[in-house]
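[1] following is a predicted model, sequence given first.
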Amino acid sequence: MKKQSRLTTYILVGLVLGIFAGYLANLNLSDPAGFADIMSLVTTLFLRLIKMIIAPLVFSTLVVGIARMGDASEVGRIGIKTLGWFFIASLISLTLGLVLVNMFRPGDALLGNLPATTAASGITASGLTLKEFVTHLVPASIIEGMSKNEILQIVIFSLFFGSAAAAVGEKSAPMVDALDGVAHVMLKVTGYVMKFAPFAVFAAVAGVIAKSGLAVLKTYGVFMSEFYFGIALLWALLIAIGFLFLGKRIGGLMAEMRGPALLAFSTASSEAAYPKTLEGLERFGVRNRIAAFVLPIGYSFNLDGSMMYCTFATVFIAQAYGIEMSLGQQMTMMMVLMLTSKGMAGVPRASLVVIAATLGQFNIPEAGLVLLLGIDHFLDMARSATNVIGNSIATAVVAKWEGELVDPIRRDLADAPLP
């Protein structure tokens with residue numbers, strides 16, 4: 001715990017120093033964009049280190065968790081509970097974004113200061129039809145899925161593989177034990193990689209501030225403050241719902257998630273926080289077989305912050321162009337986003353891709369995305385941290401429903417403290 005607290009402190013220090021260094025670079029350097037490019041190398045290296053962990057960690061932990069459940073009906077029961085929670089959380093997130101954007105109407109302030117409707121946003125609205133989503137679920141090759149860090153495809157294969165291992169029984173026990181060893185090794189690798197996190201946070205923030213300056217925050221200050229208010233409200237709702245099931249232990253869960261949420265916020269990547277989120281859940285008392293089952297699925301189906309942003313940003317762009325959407329159109333849009341936002345984890349600028357696809361369906365100029373590109377990194381920071389919080393609460397609640405949420409002190413040998 002002391003190491004966790006120390007790492008969180010270092011990450012926070014890196015965040016503050018990054019803002020300061022980026023501001024100085026923006027003011028004093030003749031080529032701040034060049035400085036930003038150099039800083040991006042550090043961030044890219046760290047994110048690649050994290051990504052090299054994701055596939056083997058998700059595969060090994062999920063297969064071991066399912067194999068040790070042993071009963072296919074148990075897997076199905078937990079899966080239904082998990083998806084049920086995700087559906088409710090998604091509905092809350094999308095609805096909240098819709099309510100707030102209609103209440104604040106941030107787009108009205110940008111009328112008359114818009115990019116031409118023919119301006120290119122640089123975001124390709126592809127790969128989001130129902131047919132493409134369904135075919136994307138199943139990997140043509142698990143090796144290809146792992147090489148591209150397609151979490152949803154890895155989850156699908158792991159479900160089949162883990163269920164088959166459970167059905168085989170004793171003959172698969174040595175393989176399951178070996179995969180359990182792989183999981184612990186990958187968590188140790190995670191510990192090594194996380195030592196670089198403060199440097200990556202410093203570089204990420206310094207680069208963005210150096211390139212865009214603090215002016216980008218002033219220009220869209222109102223929009224950002226309203227969105228961050230919405231994020232705070234979403235956190236409050238999720239924590240309140242979590243309290244109904246977890247009681248006072250929700251405070252302990254949030255304490256465990258401080259580090260992962262801060263890391264996700266600083267790097268604007270919830271994927272970067274996955275290994276530490278998994279560790280934090282196990283320290284909190286969620287048995288490994290539940291955490292390893294629910295959390296990877298959540299990374300594809302339960303991106304609460306990203307979904308709230310999708311409704312908020314889509315209607316914001318419509319308002320900015322003076323396009324009034326009826327209640328029926330907004331409800332239809334919300335249902336479309338409910339489907340198209342699934343399975344987008346790991347896609348670069350995933351929320352913008354989803355929004356780009358949605359804009360075209362409702363005859364809203366795609367050029368409106370240009371309004372968001374300058375500040376998307378800062379918005380993505382809040383979205384990523386929210387995704388971590390939403391998935392950690394979901395995992396803990398499912399564990400509670402299954403009677404698999406224990407006092408960390410009384411952890412079974414099978415769920416021994418992480419190395």
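    Perfect, thanks for sending it. Residues are numbered from 1 along each chain as shown.
[2] below-threshold pLDDT in this protein: ranges please.
    Scanning the chain with the threshold set as pLDDT under 70 gives 1-5, 70-72, 110-134, 215-220, 339-350, 353, 357, 370-371, 373-374, 408-419.
[3] would you mind finding the longest helix in it?
    For the chain, the helix with the greatest residue count under DSSP state H is helix 32-69.
[4] buried residues, it. List them.
    Across helix 32-69, burial judged by 16 or more other Cβ atoms under 10 Å covers 32, 35-36, 39-40, 42-43, 46-47, 49-51, 53-69. In this view, the C-beta of every residue, glycine as well, is placed from N, C-alpha and C.
[5] next: stretch 233-248.
    Neighbour-count burial for stretch 233-248 flags Leu234, Trp235, Leu238, Ile239, Ile241, Gly242, Phe245, Leu246 (criterion: 16+ other Cβ under 10 Å).
[6] I'd say Gly252 and Phe284 touch.
    Yes: using Cβ atoms under 8 Å, Gly252 is in contact with Phe284, at 6.2 Å.
[7] neighbour count winner among the two?
    Using other Cβ atoms under 10 Å as the criterion, Gly252 and Phe284 rank with Phe284 on top: 23 against 15.
[8] next, count neighbours for the closest residue to the more buried one other than its chain neighbours.
    Distances taken as Cβ to Cβ, 6 or more residues apart in numbering place Glu256 nearest to Phe284, at 4.9 Å, with adjacent residues excluded. Using other Cβ under 10 Å, Glu256 has 25 neighbouring residues.
[9] repeat for Val388
    Other residues within reach of Val388, judged by other Cβ under 10 Å, total 29.
[10] and if you look at Gly368?
    27.
[11] helix, strand or coil: sort out it for me.
    helix (DSSP: H, G, I helix; E, B strand; the rest coil).
[12] which SSE is Gly328 in?
    Using DSSP states H and E, Gly328 sits in helix 327-340.
[13] picking that back up, what distance do you get for the residue nearest to Phe284 to Ala291?
    Remark: distance between Glu256 and Ala291 (Cβ to Cβ, to the nearest Å) = 12 Å.
[14] common neighbours of these two, please.
    Common contacts of Glu256 and Ala291 (Cβ atoms under 8 Å, 6 or more residues apart in numbering): Leu281.
[15] contacts only, for the residue nearest to Phe284.
    Gly280, Leu281, Arg283, Phe284, Ser392.
[16] Ile250 is in contact with the fourth one, correct?
    No: proximity of Phe284 to Ile250 does not meet the contact threshold set by Cβ under 8 Å, at 10.1 Å.
[17] phi, psi for the nearest residue to Leu98 once chain neighbours are set aside please.
    Nearest residue to Leu98, sequence neighbours excluded (Cβ to Cβ, 6+ apart): Thr311, at 4.5 Å. For Thr311, the backbone dihedrals (degrees, to the nearest 10) come out as phi -70, psi -40.
[18] what about Thr311, how many neighbours?
    Residues lying near Thr311 (other Cβ under 10 Å) number 28.
[19] how far out from the middle of the chain is the host helix or strand of Lys400?
    Assessed by DSSP H and E, Lys400 sits inside helix 376-401. Relative to the centre of its chain, helix 376-401 is centred 6 Å away, using Cα atoms, centre = their mean, to the nearest Å.
[20] just stretch 14-22 next, same as before
    Worked out by Cα atoms, centre = their mean, stretch 14-22 lies 23 Å from the chain centre.
[21] where's the closest residue to Thr8 other than its chain neighbours, which helix or strand?
    When the adjacent residues along the chain are set aside, Thr8 lies closest to Gly259, with 4.4 Å between them (Cβ to Cβ, 6+ apart). Using DSSP H and E, Gly259 sits within helix 258-267.
[22] what's the next secondary structure element after that helix?
    helix 274-284.
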